[in-house]
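[1] would you be able to build a 3D model of this:
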Amino acid sequence: MALFEVIKKAKDDKNIVWRYPKQNFNTGSKLIVNESEEALFFSCGEALDLFGPGRYTLNTNNIPLLRRLLDIPTGGKTSFTSEVYFIDKTVRQTKWGTSSKLEFLEPIYKFPIQIGACGEIRFEIEDSRKLLVKLVGIKRNFDINNIDDFFANQILVKVKAYLTGIIKEEKISIFEIDEKLDKISRELKELLKNDFQEFGIKIDNFFLSNIAKPEDDKQYLKFKELYFKKGVLIADVQLDKEISDIEAEKEASRIGITAKGIATKRKTEGYSYQEEKSLEIGKEVARNEAMGQFTNIGVGLGVMSGTSNVLGSEVTKQVQGAFMNLNEKFCSYCGQKLNNEALFCFKCGKKVSDE
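    Numbers count the residues shown, from 1 in each chain. Okay, here's the model as predicted:
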């Protein structure tokens, strides 16, 4: 009868899964599961009884799935054959990087380009049973020491496909991709979540930290120069527009301040804009004293309709004065004022001109 009294993980090798080297046990064996671990009994291609952290004495009561599958009798020490796997459930954080270049067509400038990518991933085993079943289904005799490599390769295969897909679908320029690393990281995490849930793995976080660009590629450098020249031109146009907007705003402010000052002056002196303009018109009309400008006076009088009584009176006086001056008669030699009927100047005796 096989006697293996203690079943436990022999060393802390940081592997995701560790398989106990022996397979023959009896129901009196001791099982020790450390913190952040689970132990799973696996037999005949099936994941059976699962144990969390603690110390156990194996008996037919605490290995019911194994007992039924192997038809282990109850009572006493009974031998059985099974594999025992220890699964590390601690949160794991590891770096990743593409081992080969990702080649695709740059979505904006349409030239072929090769890039590399790297970052970090943080994950933990959420379902130990699902993990073991999936791994055994993929490769029955998988090498425990290469499980981490298996998942690293899974990450790279998926990232390559997803990353180029995101760049193409969202038309992300290679010259602007560094500004979008956080957004791309979140999208990659969501896409990878479904893939790794199949293995019972939960992705806590995923980071795309760097994109390696082909700085020695002449074609890449040519388009890079074109991109930055375009950026400078756009910046210049934007700057000119901002300066123009500032100047327009300053002019509008100046006009507003001037208008406000004039309005305050009118309010203080007690007249309106309409009254000010009407008075200017009236004064202009009053200046037209010549007979040949009567038409202008008539126009002026017409404009005056609707003005205030005060201003109307002022204009009327000016116009009446103009007419009175036109009807008076003066001696053209000495300037003496004469009666309208006089034929000779009573001061100098000269004949009054008929002009």
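[2] can you show me the strands along the stretch 51-200 of the chain?
    54-57, 79-81, 83-88, 92-97, 102-105, 112-125 (DSSP state E, counting those that start in this stretch).
[3] tabulate those strands (TSV), appending mean pLDDT, mean neighbour count and distance to Tyr20.
    C-betas here are computed from N, CA, C, even on glycine. Listed next are the strands of the stretch 51-200 of the chain as TSV, based on pLDDT from 0 to 100; neighbours: other CB atoms under 10 Å; distance: least, CB to CB, whole Å:
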stretch	mean pLDDT	mean neighbour count	distance to Tyr20
strand 54-57	95	13	14
strand 79-81	88	16	12
strand 83-88	92	22	4
strand 92-97	88	15	21
strand 102-105	92	14	41
strand 112-125	93	18	17
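[4] format the ones you listed as JSON lines; extra columns: distance to Lys224.
    Below are the strands of the stretch 51-200 of the chain laid out as JSON lines (distance: least, CB to CB, whole Å):
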{"stretch": "strand 54-57", "distance to Lys224": "60"}
{"stretch": "strand 79-81", "distance to Lys224": "64"}
{"stretch": "strand 83-88", "distance to Lys224": "45"}
{"stretch": "strand 92-97", "distance to Lys224": "23"}
{"stretch": "strand 102-105", "distance to Lys224": "16"}
{"stretch": "strand 112-125", "distance to Lys224": "11"}
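[5] out of the ones you listed, flag the one nearest Asn210.
    Of all the strands of the stretch 51-200 of the chain, it is strand 112-125 that lies closest to Asn210, at 5.3 Å by CB to CB.
[6] show me what that closest one is packed up against.
    Secondary-structure packing of strand 112-125 (3 or more CB pairs under 8 Å, 6 or more residues apart in numbering; DSSP states H and E): strand 92-97, strand 102-105, helix 147-169, strand 201-212.
[7] only C-alpha atoms, please: export the shortest one in PDB.
    The C-alpha trace of strand 102-105 is given here as PDB (Å, rounded to 0.1, in the frame of the first residue of the first chain):
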ATOM      1  CA  LEU A 102       3.600  43.900 -36.300                       C
ATOM      2  CA  GLU A 103       3.200  44.900 -39.900                       C
ATOM      3  CA  PHE A 104       0.200  46.800 -41.300                       C
ATOM      4  CA  LEU A 105      -0.800  49.700 -43.500                       C
END
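[8] tell me the strands beside it, with direction?
    strand 112-125 (antiparallel) (DSSP bridges).
[9] now the angle from the partner strand to helix 147-169?
    130 degrees (axes from the mean of the first three to the mean of the last three CA atoms, to 10 degrees).
[10] relative to strand 92-97, how tilted is strand 112-125?
    170 degrees.
[11] before we move on, back to that, and the helices and strands packed on strand 112-125 as a markdown table, adding distance to Thr81?
    Below are the helices and strands packed on strand 112-125 laid out as a markdown table (distance: least, CB to CB, whole Å):
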| stretch | distance to Thr81 |
| --- | --- |
| strand 92-97 | 31 |
| strand 102-105 | 47 |
| helix 147-169 | 23 |
| strand 201-212 | 29 |
